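K.L.:
Pasting a predicted model and its sequence here:
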Amino acid sequence: MGRKAKNIYLRGSIWWVQYSHRGRQVRESSHSTVYAEADRLLKKRQGEVVTGKFAGLEPDRVTMFELFKEVEQDCRDNLRSSLPQVLSRLKNHLIPSFGRIRASALSSVHVARYRAKRLVEGAARATINREIETLQRAWKLAQRCDPRRVNPTFNFPMYEENDVRTAFIEDDDYRVLHAALQGVSEAASSNRISRAAAES
C-alpha cells in the first residue's frame with residue numbers, strides 16, 4: 001500500500017475522510033474497514049465540491065418520505081386545489097414505492113421500474129405521468145432549500161401522451177345537456193331578433 005493521505009484516518013476499525021466545503025471541515029465515515037473505499041469516497045467528495053455538486057451530507061440521510069411530506073405541506077400552504085389528488089398519489093402509490101429510499105440513492109432506474117409496475121397494475125399512462133410529476137415536484141422543492149436537501153437533478157422519464165382528451169356521457173345526460181344548450185341557443189337567437197326589430 002502506498003502512502004496514506006493525511007485526510008483519511010481511522011476511528012476504531014473504520015476509515016474516515018475529511019475535506020473542506022465552504023470553508024468548513026467536513027468529516028465523513030466511509031463505513032468501511034478498507035482504506036481504498038475511503039480513498040474513493042474522498043476523491044468523489046472533492047470532485048463534487050470543486051464542481052459545485054456537493055450539497056452537504058444531509059442528502060445522504062434524507063428519505064423520499066420526508067420529501068413527500070414537503071409536497072403535501074406546499075399544497076396546503078398554497079391552497080392548491082390539487083391537494084386531494086396529490087394525497088391520493090402519495091398514500092396509494094408513491095410512498096409505498098419510494099418512501100424508504102434515501103433521496104441520494106434515487107435514480108431514473110427507480111422511476112422506470114415504477115412506471116413499468118404501474119402499467120402492469122393497469123394504470124393509464126397519463127395517470128402515471130401525474131404521479132411522476134408529483135415525485136419530480138418533491139425533488140424540485142428539496143433543491144430550492146438552502147442548503148439543498150438533494151444533489152443536482154436527474155431525468156424523470158415520462159410517457160408520451162395523446163393530446164386529444166376524451167370524455168364519456170350517458171345517453172340520458174346527453175339529452176338533458178342537448179336540450180339545455182338548445183334552449184340557450186334559441187334564447188340568444190330571440191334576443192338578436194328583438195334587438196334588430198327595435199333598431200329598425
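P.N.:
That came through fine. Numbering: from 1, shown residues only.
K.L.:
how about the strand ranked longest in the chain as CSV, C-alpha atoms only?
P.N.:
Longest strand in the chain, counting residues (DSSP state E): strand 14-21. The C-alpha trace of strand 14-21 is given here as CSV (Å, rounded to 0.1, in the frame of the first residue of the first chain):
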residue,chain,number,x,y,z
ILE,A,14,-13.5,2.3,10.2
TRP,A,15,-11.8,4.7,7.8
TRP,A,16,-13.0,8.3,7.9
VAL,A,17,-12.3,11.1,5.5
GLN,A,18,-12.0,14.8,6.0
TYR,A,19,-12.4,17.6,3.4
SER,A,20,-13.3,21.3,3.1
HIS,A,21,-16.6,22.6,2.0
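K.L.:
Next, the buried residues of that strand.
P.N.:
For strand 14-21, the buried set under the neighbour-count rule, 16 or more other C-beta atoms under 10 Å, comprises 15-17, 19, 21. Just so you know, the C-beta spots here come from the backbone N, C-alpha and C atoms, and that holds for glycine as well.
K.L.:
Can you pull the domain assignment for this protein?
P.N.:
8-54, 64-144, 170-200 (automatic domain parsing).
K.L.:
any idea of the mean pLDDT for the second one?
P.N.:
Spelled out, that is domain 64-144. Throughout domain 64-144, pLDDT has a mean value of 93.
K.L.:
That one: end-to-end distance?
P.N.:
Terminal residues of domain 64-144 lie 16 Å apart, using C-alpha to C-alpha, to the nearest Å.
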